[in-house]
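Undergrad: take a look and give me a structure for this.
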Amino acid sequence: MELLPAARFDLHQLNEASVGLVSGPKTLARETILKYTPNQAYLVLQELDKSIAGKDILVKNEDALHLKLITIETEKENRRLLPIAQQFHSVPAGRHAENHLSDLLAAHSLGRYNLELKKNVTIDSYQLTDSWRDDAGFIVTDRLIFADNTYDAQKLVAALTPSSEKIVAYTASDFDAVADFDNTVCGFSRDSYLQLLLKNSQVLLAKSGAVDGYIAGNGEQIHAIYAETMELAHSLVKAYIQKLGLKTVRFFTAQGVWPENVTPLKSRQVYRRHTRAVPSLLKFSKIYALNMGVHIV
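TA: Numbering: from 1, shown residues only. So this is what the prediction gives:
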């Protein structure tokens with residue numbers, strides 16, 4: 001399984017993050033879950049060794065978030081012979097490593113019980129696998145179609161319709177204003193994550209007194225573009241490309257957001273799935289690129 005690009009900073013520093021491991025002679029699988037509201041979290045598969053990828057494994061608990069490999073199963077358990085109730089209300093002992101970890105992390109982060117049916121976990125993946133859907137419970141399809149796109153920077157700039165609003169470099173004194181704007185985009189406060197993102201990225205702001213948008217990235221990889229209007233988003237991208245002298249830019253985005261007359265050099269679909277429902281807090285009218293593989297947006 002190919003993983004989404006890794007974060008440029010250590011997510012483990014965040015209080016809302018929990019990390020789960022499957023180990024043998026070495027670390028074989030690693031997942032991080034980010035709890036962003038009391039009932040919602042974002043799951044990131046960060047490491048999966050090829051020796052266990054796509055295979056059912058038996059594990060035992062070493063501690064709360066650490067599983068130890070016992071054995072790799074050679075045959076899948078035939079659960080059709082079990083009573084109906086057991087088939088639907090229990091999980092097999094042998095499952096893929098990422099499924100073991102997703103259950104472990106969801107219970108640790110959001111709690112084991114879900115009587116009000118409000119717990120919701122989201123994951124993004126290049127592959128739409130039966131394992132994520134059937135064994136881990138990511139059964140809800142997102143309303144939007146997402147892609148990992150790489151563009152020729154100059155062709156993209158030529159197709160943009162930027163605004164006349166001033167684009168400026170981010171400084172530490174802008175943090176509160178950026179955090180306030182970010183809250184209007186995602187519907188919740190995530191100050192500790194923002195501090196890491198802004199500290200470890202090249203950041204530009206659309207600013208007319210208040211912050212009306214920002215772009216954050218590292219070289220050609222753009223992590224986030226949020227703006228009040230399409231024209232402001234275009235201004236941010238144009239300024240970012242020109243400031244860094246880029247030949248290409250790459251970012252995750254929803255389908256239909258960018259000019260259709262500019263064909264990406266590369267494009268790969270990303271599948272977003274949820275365990276319960278599509279999160280309603282996110283304001284995709286302001287989201288032009290999102291930090292998939294790191295956070296919910």
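
Undergrad: and the longest strand along the chain, what's buried?
TA: Longest among the strand segments of the chain by residue count, using DSSP state E, is strand 27-37. With burial defined by 16 or more other Cβ atoms under 10 Å, the residues of strand 27-37 counted as buried are 28-37. To be clear about C-beta, it is placed using only N, CA and C from the backbone, and glycine gets the same treatment.

Undergrad: check stretch 203-211 too.
TA: Neighbour-count burial for stretch 203-211 [16+ other Cβ under 10 Å]: 203-207, 211.

Undergrad: cool, and stretch 272-290?
TA: 272-276, 279, 282, 286-290.

Undergrad: over to stretch 171-186?
TA: 174, 177-179, 181-182, 185-186.

Undergrad: could you export the buried residues of stretch 203-211 as CSV, including distance to residue 222 and secondary structure?
TA: Formatted as CSV, the buried residues of stretch 203-211 follow (distance: Cβ to Cβ, whole Å; DSSP: H, G, I helix; E, B strand; the rest coil):
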residue, distance to residue 222, secondary structure
203, 11, strand
204, 11, strand
205, 15, strand
206, 15, strand
207, 19, strand
211, 18, strand
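
Undergrad: pLDDT-wise, what's the bottom of the residues you listed?
TA: In terms of pLDDT, the lowest of those is residue 207, showing 94.

Undergrad: what's the closest non-adjacent residue to that residue?
TA: Of all residues not flanking residue 207 in the chain, residue 168 sits nearest, at 5.4 Å (Cβ to Cβ, 6 or more residues apart in numbering).

Undergrad: I figured the one you found hits residue 204, correct?
TA: Yes. If you go by Cβ atoms under 8 Å, residue 168 and residue 204 touch, sitting 7.0 Å apart.

Undergrad: re the thing from before, show only the entries of the buried residues of stretch 171-186 found in helices.
TA: 177-179, 181-182, 185-186 (DSSP state H).

Undergrad: got the contact list for the closest residue to residue 268 other than its chain neighbours?
TA: Once flanking residues are discounted, residue 268 sits nearest to residue 148: 4.6 Å by Cβ to Cβ, 6+ apart. Residue 148 makes contacts with 4, 126, 250-252, 266-270, 292, as judged by Cβ atoms under 8 Å, 6 or more residues apart in numbering.

Undergrad: which of the three states applies to residue 151?
TA: Following DSSP: H, G, I helix; E, B strand; the rest coil, the label given to residue 151 is strand.
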